[in-house]
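Asks: Provided below are the primary sequence and the corresponding predicted coordinates.
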Amino acid sequence: MEILQVVGSLVCTLRHPGLDQASLRLLKNAKGKIQVAVDPCGCQDGNWVFVVSGSAARYAWGDPKILTDLTVGGIIDFWDVDNGQLEAV
Amino acid sequence: MEILQVVGSLVCTLRHPGLDQASLRLLKNAKGKIQVAVDPCGCQDGNWVFVVSGSAARYAWGDPKILTDLTVGGIIDFWDVDNGQLEAV
Amino acid sequence: MEILQVVGSLVCTLRHPGLDQASLRLLKNAKGKIQVAVDPCGCQDGNWVFVVSGSAARYAWGDPKILTDLTVGGIIDFWDVDNGQLEAV
Amino acid sequence: MEILQVVGSLVCTLRHPGLDQASLRLLKNAKGKIQVAVDPCGCQDGNWVFVVSGSAARYAWGDPKILTDLTVGGIIDFWDVDNGQLEAV
Amino acid sequence: MEILQVVGSLVCTLRHPGLDQASLRLLKNAKGKIQVAVDPCGCQDGNWVFVVSGSAARYAWGDPKILTDLTVGGIIDFWDVDNGQLEAV
């Protein structure tokens, strides 16, 4: 799974019915690339999260027919590495 | 899911029967890379869309046996980020 | 799906039985990277094709147990973009 | 599968229930990119491991509904290459 | 599928039971990146092979529950391209 930061939301009226009312969050990686994920965890702007991709992303939403390839798996409290440079709230 | 812009269409007479009459759209990412997606949403040239990849792309077409790995999931109205630099129509 | 050009064939006697007699084509992307795909469409050297990857590639061969992760989905007649720089035969 | 080194752990209280109590490990590749994997092997910081991605990652946890796209597949004793430059403990 | 060269083996005593006694081979791509694949074809060091990734890699081992995302699909005899620069034994 990748570690990304929540930077905003996506407003998308004309969407595939398979996405239902899923909240679409904008996430940014270390290089600044923006991706879209569905969010079953209720993350907030600024949160660091890890995301699940591929077929697991569909299972993460409860209904494996949900049309997502990226789902927020959890909100990170903090991480513990030797050099400590990856500190998050 | 990735955010891409619709830049054109692909004319492809000799195609796999599993693709049926699916509309094939050309999409461009931020770096200019072109990809092909099937479009169940009726997007227009210039639209910003988000796309679903992998096995979810097949479910997005209604028939999971459709031969696609990239399907348009929705047309973006606008996005809401702090710095506002990703504004779309 | 990606757009690639057919540049040759792969001769491979000692192959996994799950690949059967599938024709293995060499395809090149815009950056010159070579990939191998099975070809149910009968493409020729020089053709521009689009390829289906992931689990959809297996369905594209008719038998989802075929051992491929990349299958030719169709031969491109031409594409229609605003700037017209992606013209193919 | 990729070869990665264990560099730490991820503390994540608010997580998707599908992840259960899985241990989340931080892994670094040769370029320094950090990824998160679940660990059924009991690896330690500093260990070199290989990881399984995609749908296989879910099977690796015993329950294919586990919400992971990256699972530690084994701890590397050593590898044997001609130039010997990839020596691990 | 990608074309890779076999450069060695991986010794891994503490491995996931789902990998069974599968032979783990080290493979190198054109840029020097090392990946690990299971090998049902009996390839030797120095061989050029093509590999199957994703869910197809699991089917390639005979048991789709095998924990691999990369499996050797065949040993390349030679390839036939216009410029001939990709010659292999």
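Replies: Received the coordinates, thanks.
Asks: Check whether A:Leu4 really touches A:Asn47, as I assumed.
Replies: No: A:Leu4 is not in contact with A:Asn47 according to C-beta atoms under 8 Å; the separation is 9.5 Å. The C-beta positions use only the backbone N, C-alpha and C, and glycine is treated the same way.
Asks: can you tell me which strand in chain A is longest?
Replies: strand A:2-11 (DSSP state E).
Asks: Name the strands paired with that strand and say parallel or antiparallel.
Replies: strand A:24-28 (antiparallel), strand A:48-53 (antiparallel), strand B:78-81 (antiparallel) (DSSP bridges).
Asks: Between those, which one is closest to C:Asp77.
Replies: Comparison of those against C:Asp77 by C-beta to C-beta identifies strand A:48-53 as nearest, at 33.6 Å.
Asks: Buried residues of the helix or strand following the closest one, list them for me.
Replies: Once strand A:48-53 ends, the next helix or strand along the chain (criterion: DSSP states H and E) is helix A:55-59. Neighbour-count burial for helix A:55-59 flags A:Ser55, A:Ala56, A:Ala57, A:Arg58, A:Tyr59 (criterion: 16 or more other C-beta atoms under 10 Å in any protein chain shown).
Asks: One more: stretch A:35-47?
Replies: Across stretch A:35-47, burial judged by 16+ other C-beta under 10 Å covers A:Gln35, A:Val36, A:Ala37, A:Val38, A:Asp39, A:Pro40, A:Cys41, A:Cys43, A:Asn47.
Asks: can you put the residues you listed in a markdown table and add distance to chain B, pLDDT and secondary structure?
Replies: What follows is these, written out as a markdown table (distance: C-beta to the nearest C-beta, whole Å; pLDDT from 0 to 100; DSSP: H, G, I helix; E, B strand; the rest coil):
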| residue | distance to chain B | pLDDT | secondary structure |
| --- | --- | --- | --- |
| A:Gln35 | 6 | 94 | strand |
| A:Val36 | 4 | 95 | strand |
| A:Ala37 | 7 | 95 | strand |
| A:Val38 | 9 | 93 | strand |
| A:Asp39 | 12 | 92 | coil |
| A:Pro40 | 15 | 89 | coil |
| A:Cys41 | 17 | 89 | coil |
| A:Cys43 | 15 | 92 | coil |
| A:Asn47 | 13 | 93 | coil |
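Asks: Chain C: which of these is nearest?
Replies: Comparing those against chain C with C-beta to the nearest C-beta places A:Gln35 closest, at 17.6 Å.
Asks: residues contacting that closest one?
Replies: A:Leu4, A:Leu26, A:Leu27, A:Lys28, A:Asn29, A:Val51, A:Leu70, B:Met1, B:Glu2, B:Ile3 (C-beta atoms under 8 Å, 6 or more residues apart in numbering or on different chains).
Asks: and the spatially closest residue to the third one that is not a sequence neighbour, how many neighbours does it have?
Replies: I take that to be A:Leu27. Of all residues not flanking A:Leu27 in the chain, A:Leu4 sits nearest, at 3.9 Å (C-beta to C-beta, 6 or more residues apart in numbering or on different chains). Neighbourhood size, A:Leu4 [other C-beta atoms under 10 Å in any protein chain shown]: 24.
Asks: so which helix or strand takes in A:Trp61?
Replies: Judged by DSSP H and E, A:Trp61 forms part of no helix or strand.
Asks: I'd like to know how many residues surround it.
Replies: 22.
Asks: I'd say it and A:Thr68 touch.
Replies: Yes: contact criterion C-beta under 8 Å: A:Trp61 and A:Thr68 qualify, at 6.2 Å.
Asks: any common contacting residues for these two?
Replies: With C-beta under 8 Å, 6+ apart as the test, A:Trp61 and A:Thr68 both reach A:Ala22, A:Val38.
Asks: how near is A:Asp36 to D:Gln35?
Replies: Heads up, residue A:36 is Val, not Asp. 20 Å (C-beta to C-beta, to the nearest Å).
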